[in-house]
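> Okay, sequence plus prediction incoming.
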Amino acid sequence: MKILVCVKRVPFTGGKMVLAPDRTALETRHLGFTISPHEECGVEEAVDAMALGIDRAIHLKTDGSEWDGEATAAAIVGAIRADEEASGPFDLIFAGNESADAGGYQVGLRVAYALGRPCATGLKGVKVEGSSVRCEQDTGTGRDVYVLPLPAVVTVKEGLNLPRYPSVPGRMRAARKPMTTLNRPERAEQNLRLVELSVPGGPGRQTKLLGSGASAAPAVVETLKEIGVV
Amino acid sequence: MSLPKHARVVVIGCGIVGNSVAYHLGRLGWRDIVLLDKGPLPNPGGSTGHASNFIYLVDHSKEMTALTVESVRQYQELGVFTQSGGIEVARTPERMQELTRRMASAKSWGIEPVSLITPVEVKKLVPYINEKIILGGFSTPGVGVVDSLRAGTLMREKGVGSGAVHVAANTEVTGIDVKAGRVNCVRTNAGDIEVENVVVCCGVWSPRVGLMAGAHIPLTPAVHQMIDVGPVPRFAGAKSDIEHPIVRDMDTNMYERQAGGDLEIGSYAHRPILYNPEDLPSVQQAALSPTEFPFTQADFAPQMEHALELMPEIVGDEKVGVKYAINGILSLTPDGMPVLGESSDVAGLWSASAVWVKEGPGTGKTLAEWMVHGESEIDIHASDAARFHEHQKTRAHVRARAAEGFNKTYGIVHPAEQWASNRNVRLAPFHQRERELQAFFFEAAGWERPFWYESNASLLDEFGDRITRRTAEWDSRWWSPIINAEHLAMRERAGIFDLSAFTIFDITGPGALNAVQGVALRQMDVPVGRNVYTPVLSTRGGFKSDLTIMRLGHEQFRVVTGGASGMSDKKWFRDHLPADGSAQLHDLTSAMSTIGLWGPRARDILSAATSDDVSNDGFKFGTCRSIDIGTVRVLASRISYVGDLGWELYVPMEQGLLLWDTLWEAGQPHGLAACGIGVYGTTGRLEKCYRAHGNELETEYNVVEAGMSAPRVKAEDFVGKEAHLRHREEEPAAILCTLTVDDHTSKGGEKRYMLGREPIVTRDGKRLVDRHGRGSYVTSAGAGPSVGKHILMAYLPPENANAGEQLAVEYLGESYPVSVAAVGSTPLFDPENLRVKA
């Protein structure tokens, strides 16, 4: 079984977002980066399925600007086709349901369409069963279940599993795995144009000190009542 | 709540330091204290918020140890200290030797209990360690972990509760106004505050805030990488934050500590990653906190391997993940010491910066004492904010030295170790000649000073057996037997010394006499042409400094002091100038160069170069005047720090080379040798039992204890007089003695030579402690080639201060017998002082 997981480098999701002066990009000078939470679940699921770590990586190194879903998918498809030609087909391709930053919900679907493979999206359950994959999708009132023949593309959501933290030996192994870097893949025509970004208003993160020591207890009780916990 | 319009002091920064400074100022009686931070409380986003919060007690620096011990006392009092014990482990024999030095420092500074333990014993205390790769450990059971945010909060609340402190969070300082050289107003985004004093406790932001007032606080933000791995099965169900000793893996510059159910791994081993203060994000811009930067994995890769080697059970566990990893930002200074005290650039602007959690509360107390009483209990001259020379305030210097110092955080640093970066920044006018003589240079205040000259190797044959060789690498590192040969050449003939590193300033004007009289212990109303060596006292009668003052005119006094303490001394004199402007201070350090000429042939040499009368009658000891040496007018001062006949010769910088060449030529028929600072500062000085500031002379010891009392005290007032008079009436609690080593032979049969700071103990190994609780330790150590002994100086309790008293010194884990050779200041060499007066 060969599995591919697509991940995108996104701004550290717990962090505060600051816009660049022209409001068309994030100020990245003080920003850390990570992979989208949905995709972390994809990685976890793949690792779990293989009972092994990742054994190699392909890095599509863009010019650093924000690509839309169409261009991103095209670049990924290009890389997959090249890789499959050399090393054979992937049985299962994971993508996050949407990226944590742009949230376009496009890439997984577009990759599947371009490769002519079946696709199920927004999955909270994935299980390989012989030559097919069983996919579960939350509907709010229950679960829809699909069975896709392999090879297939699935897009997954947070909640699929609990991604583990990489261990130190895991990180050390990862550092020794081969990585192919494809510099500046061709950028397909973008039909989506970014006009402006804005950071949602609202109070943001606010901390209110309720007090300290035993004297804080009444305020804590009051707050718990307010939010309906007790 | 709105900001007060006026404050006696504005303390900027609510990290562990600012909270502590504000609290202690209030405790000592100040009111109208405003404590600000640009960030939210209780964690405003500075380095305190991500500190690893553990405290090791033993440092080779006496000052740092004292600040740390006082901090632990306060953390315990606040109930936020959890004792865990700590073990520094060694992977190499060199480190095992270093751990014996840690043992010695612990004994010198009174840290108990401590012990050297075997790998198996380490394993008993830290069951998850791989004891097979270590050779042993230095165990300090008193090590612990603190909650520094909580400590800060408690101190802040106490300050507020007493009515002394007003706190304003989310309040950013936008400017500091200076009026007539003194801070006047703090401008913030919430209004302006008229002030008398400002304390900058802004950690990595301190340089930026200091500059608002035009003050330089030389430090740089730097990365310290930390990761947190867990959950650790062994720590499941941990009842407290820490239940096992903290391990410092010294040889890899790393530490590992339990943090609840996790293990925290920190490193000082990665490449130095420095930032500029203006590059730090604001609270608004920061993704996490302004001092927690994204982790750079590649820099930490080797450290992971090291952690895995040492703690495979935890770090190698596939189920234990890296939960958290940051590049934490902390402060580094060019010399590794904090920046404490009033700025020499702006009056009323104080710094308490580059202070880590382990010494935070002790620093707060110390700085508050300094501000309120003019002096602190703990002597912190090595941390004095005024210590920096101008070149040391430059960004290039700060960055170069901080980068070099970073990887030495857990390093084995020799007491004489020299910096490699940013050298050759201050050169004597005869520097080229020194190079031709193959000088081995040490640095002092930026000056390149010959410590010895390789070209003098030929003297080794001449003096043969009289020169002690050192076989042990540690004893002979940064040392050469040539120093002893130069010493003997000076004692038998004459030596020429480069003293360019002196700090020199004039006090002039109608009020000059009163100005110097007010800071000097000795009588300064002397005839023009006299030089006076005098202690300078702190208010409590300890040693602020010791230096020489020449009276050059009715209204002109020239102060000459060492490079290391020069800038602090200059500030002290400037601070004590009369308020009416009747005296001024002029810094001549870069205008004058100084050459020392000493030895029995010094007069013959000087006579050959000058037609002025330099006979004993014509130029008496203790006098100074101008003489002609060829076309150079030289200020000659008959004085000696090496105990031989001779002069200090002050010359305009641009004529320094000419003077050197003239003296060199005149000296050749007399066997003149170029002599390094090894002779001037160590061998010559120690044979004469002359004291040195920072070694024997600190504010913690007084004039009587140092054996430097004069028969009478002058009638005029001076700083510290009241205390000094009292000290003269009391029995001294300790007496400075000179000791010599009776037997240098180690158990392994090698001769060993102490380097200083080792504990002086009884022959059966007990510490000597005086009635003020001060332990005896070696203040200075070095060879005495003319007396054929290795000389140590130490303060001893009066009951042990007897000539011939048999004691011991502990050096690298072994005990060596020593005897008291002289009590007080009687020199070992030429006790009648006939030579200097010849």
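Done, it's in.
> burial count for B:Ala445?
By other C-beta atoms under 10 Å in any protein chain shown, 23 other residues sit near B:Ala445. In short, each C-beta sits where N, CA and C put it, glycine included.
> Once you drop chain neighbours, what's closest to it?
Once flanking residues are discounted, B:Ala445 sits nearest to B:Gly563: 3.2 Å by C-beta to C-beta, 6 or more residues apart in numbering or on different chains.
> Relative to B:Leu547, how far out is that neighbour?
12 Å (C-beta to C-beta, to the nearest Å).
> Isn't B:Pro281 up against A:Glu27?
No - using C-beta atoms under 8 Å as the test, B:Pro281 is too far from A:Glu27 to be in contact (9.0 Å).
> Looking at those two, which one has more neighbours?
B:Pro281 (20 against 15).
> Would you mind measuring from that one to B:Leu78?
The spacing between B:Pro281 and B:Leu78, counted by C-beta to C-beta, is 31 Å.
> Next: B:Val519.
39 Å.
> okay, those two: which has more neighbours?
The residue with more neighbours, out of B:Val519 and B:Leu78, is B:Val519; 25 against 18, by other C-beta under 10 Å.
> OK, contacts around the more buried one?
B:536, B:572-573, B:576, B:718-719 (C-beta atoms under 8 Å, 6 or more residues apart in numbering or on different chains).
> one more time with 10 Å
Taking C-beta atoms under 10 Å, 6 or more residues apart in numbering or on different chains, we find B:Val519 in contact with B:507, B:534, B:536-537, B:544-545, B:547, B:549, B:559, B:569, B:572-573, B:575-577, B:718-720.
> now B:Ala168
Neighbours of B:Ala168 in contact, by C-beta under 10 Å, 6+ apart: B:1-4, B:10, B:14, B:34-38, B:41, B:188, B:190-191, B:193.
> before we move on, what about A:Val145?
With the criterion set at C-beta under 10 Å, 6+ apart, A:Val145 makes contact with A:120, A:125, A:134-137.
> Which of those sits closest to chain B?
The closest of those to chain B turns out to be A:Gly125 (C-beta to the nearest C-beta; 23.4 Å).
> Residues of chain A that sit close to chain B?
Contact residues (C-beta under 10 Å from any C-beta of the partner chain) of chain A with chain B: A:11-18, A:26-34, A:53, A:163-175, A:205-207, A:209, A:212.
> can you do 8 Å?
Proximity of chain A to chain B (C-beta under 8 Å from any C-beta of the partner chain) is limited to residues A:11-12, A:14-16, A:18, A:27, A:29-33, A:164-172, A:175, A:207, A:209, A:212.
> Need the three-state assignment for B:Ile605.
Put simply, B:Ile605 is helix when judged by DSSP: H, G, I helix; E, B strand; the rest coil.
> you'd agree it is up against B:Thr662?
No - taking C-beta under 8 Å as the definition, B:Ile605 is not a contact partner of B:Thr662, at 10.0 Å.
> just to revisit the earlier point, can you select the buried ones among the residues of chain A next to chain B for me in PyMOL?
The buried subset of those, as determined by 16 or more other C-beta atoms under 10 Å in any protein chain shown, is captured in PyMOL by this line:
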select buried, chain A and resi 11+12+15+16+18+30+31+32+164+165+166+167+168+169+170+171+172
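> secondary structure class for the residue nearest to B:Ser84 when sequence neighbours are not counted?
Closest residue in space to B:Ser84, ignoring its immediate chain neighbours: B:Ile242 at 4.3 Å, by C-beta to C-beta, 6+ apart. What three-state DSSP gives for B:Ile242 is coil.
> contacting residues around B:Ile242?
So B:Ile242 contacts B:82, B:84, B:144-145, B:257-259 (C-beta under 8 Å, 6+ apart).
> how about a cut-off of 6 Å?
Contacts for B:Ile242 (C-beta atoms under 6 Å, 6 or more residues apart in numbering or on different chains) come out as B:82, B:84, B:145, B:258.
> re earlier: what about burial for the contacts of A:Val145, which qualify?
A:120, A:125, A:135-137.
> And for the residue of chain B found nearest chain A, the neighbour number?
As assessed by C-beta to the nearest C-beta, chain A sits closest to B:Gly321 within chain B, at 2.4 Å. When neighbours are counted by other C-beta under 10 Å, B:Gly321 registers 20.
> surely it meets A:Ser167?
Yes - between B:Gly321 and A:Ser167 there is a contact under C-beta atoms under 6 Å: 5.4 Å.
> hang on, the earlier thing: among the contacts of B:Val519, which ones are in strands?
Among those, the residues falling in strands (DSSP state E) are B:507, B:534, B:536-537, B:544-545, B:547, B:549, B:559.
> could you say what helices and strands the lowest-mean-pLDDT helix or strand in chain A packs with?
Averaged element by element with mean pLDDT, DSSP states H and E, chain A has its least confident helix or strand at helix A:37-50 (a mean of 83). On a contact count with 3 or more C-beta pairs under 6 Å, 6 or more residues apart in numbering or on different chains; DSSP states H and E, helix A:37-50 meets strand A:3-6, strand A:92-96.
> Please compute how far the first one lies from its chain's middle.
So that's strand A:3-6. Computed by C-alpha atoms, centre = their mean, to the nearest Å, the separation of strand A:3-6 from the middle of its chain amounts to 11 Å.
> Ok, stretch A:6-17 next?
9 Å.
> what's the span of it, first residue to last?
24 Å (C-alpha to C-alpha, to the nearest Å).
> what's the answer for stretch A:59-76, then?
End residues of stretch A:59-76 are separated by 10 Å (C-alpha to C-alpha).
> I'd like the distance from B:Leu521 to B:Val719, if you could.
Between B:Leu521 and B:Val719 the distance is 9 Å, computed by C-beta to C-beta.
> whoops, I mixed them up, B:Thr631
In terms of C-beta to C-beta, B:Thr631 sits 42 Å off from B:Val719.
> Ok, B:Val200 next?
26 Å.
> between these two, which one's more packed in?
Just comparing B:Val200 and B:Val719: by other C-beta under 10 Å the higher neighbour count belongs to B:Val200, 32 against 22.
> related to what we said a few turns ago, cross the residues of chain A next to chain B against strands and list the overlap.
Taking DSSP E, the ones among the residues of chain A next to chain B that sit in strands are A:11, A:33.
> what's the closest non-adjacent residue to residue 48?
Let's take chain A. Among residues not flanking A:Asp48 along the chain, A:Asn161 sits closest, at 6.9 Å (C-beta to C-beta, 6+ apart).
> switch to chain B, that's the one I care about
Nearest non-adjacent residue to B:Thr48, counting by C-beta to C-beta, 6+ apart: B:Gly15, 3.8 Å away.
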